[in-house]
Each structure stands twice: as C-alpha cells, then as structure tokens.
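Q: need a structure here:
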Amino acid sequence: MAEKTYVCETCMKEKTAAQGEKAPRCCGRPMEPKLEGCRTPFVAETARPDSVDEPCDDGTDGGR
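A: Modelled structure (predicted):
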C-alpha cells in the first residue's frame, strides 16, 4: 500500500501514514501533507528552455 508523508507545521517533524488513513497528529494538531517541490522555474526568462509547452508570443516579432 502507498504511503503519504506528513509534516508538523509547529516542530517540522515528519511522519508517514498509509494512503487513505487519517493524518497523524503532532503538537496537538493534525499534520499537513508534505508538498513536493515545484519543478517549474519561477522566472519567465529561465522557464522557457525547460518548458515542454508550446512557445508563447513574447511580442518581439515587431508586429508583423
């Protein structure tokens, strides 16, 4: 069965639980699911080379 990782927002402790189970508790509150890091660059100039999407119109064609 797949596992899901949770993190405590108070003490930053991590725990895993089986997929579909309730979130574990820590510091008196339910833990939040751990989010995966974003894989897309945040700056538009550096995002295009890594993007698999179609290129966008950046307005550099001089209005042709």
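Q: Just list the residues touching the residue nearest to residue 29 when sequence neighbours are not counted, thanks.
A: Leaving aside its sequence neighbours, residue 29 sits nearest to residue 10 (Cβ to Cβ, 6 or more residues apart in numbering; 7.1 Å). All C-beta spots, glycine's among them, are computed from the backbone N, C-alpha and C. Residue 10 makes contact with 26, 27, 29, according to Cβ atoms under 8 Å, 6 or more residues apart in numbering.
Q: out of these, which is most surrounded?
A: Within the contacts of residue 10, most neighbours by other Cβ atoms under 10 Å means residue 26, with 19 neighbours.
Q: From what I see, that one and residue 11 are in contact.
A: Yes - counting by Cβ atoms under 8 Å, residue 11 is a contact partner of residue 26 at 6.7 Å.
Q: re the thing from before, so for the residue nearest to residue 29, what pLDDT did the model give?
A: As predicted, residue 10 sits at a pLDDT of 91.
Q: Roughly how far does residue 35 sit from residue 24?
A: Shown here: residue 35 relative to residue 24, a distance of 16 Å by Cβ to Cβ, to the nearest Å.
Q: Filter the contacts of residue 10 down to the ones in strands?
A: If you go by DSSP state E, the contacts of residue 10 have 26, 29 in strands.
Q: any chance of the contacts of residue 10 in CSV, with pLDDT and distance to residue 3 too?
A: CSV is the format used below for those (pLDDT from 0 to 100; distance: Cβ to Cβ, whole Å):
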residue, pLDDT, distance to residue 3
26, 94, 17
27, 94, 21
29, 94, 21
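Q: can I get the contacts of residue 10 in CSV with distance to residue 19?
A: Shown next, in CSV, are those (distance: Cβ to Cβ, whole Å):
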residue, distance to residue 19
26, 19
27, 23
29, 21
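Q: Would you mind checking which of the contacts of residue 10 is nearest to residue 16?
A: residue 26 (12.6 Å; Cβ to Cβ).
Q: who's in contact with the closest one?
A: 8, 10, 11, 13, 15.
Q: Give me the buried entries from those residues.
A: Among these, those classed as buried by 16 or more other Cβ atoms under 10 Å are 8, 15.
Q: out of the contacts of residue 26, who's nearest residue 2?
A: Taking the contacts of residue 26 together and measuring to residue 2 by Cβ to Cβ, the closest member is residue 15, at 15.1 Å.
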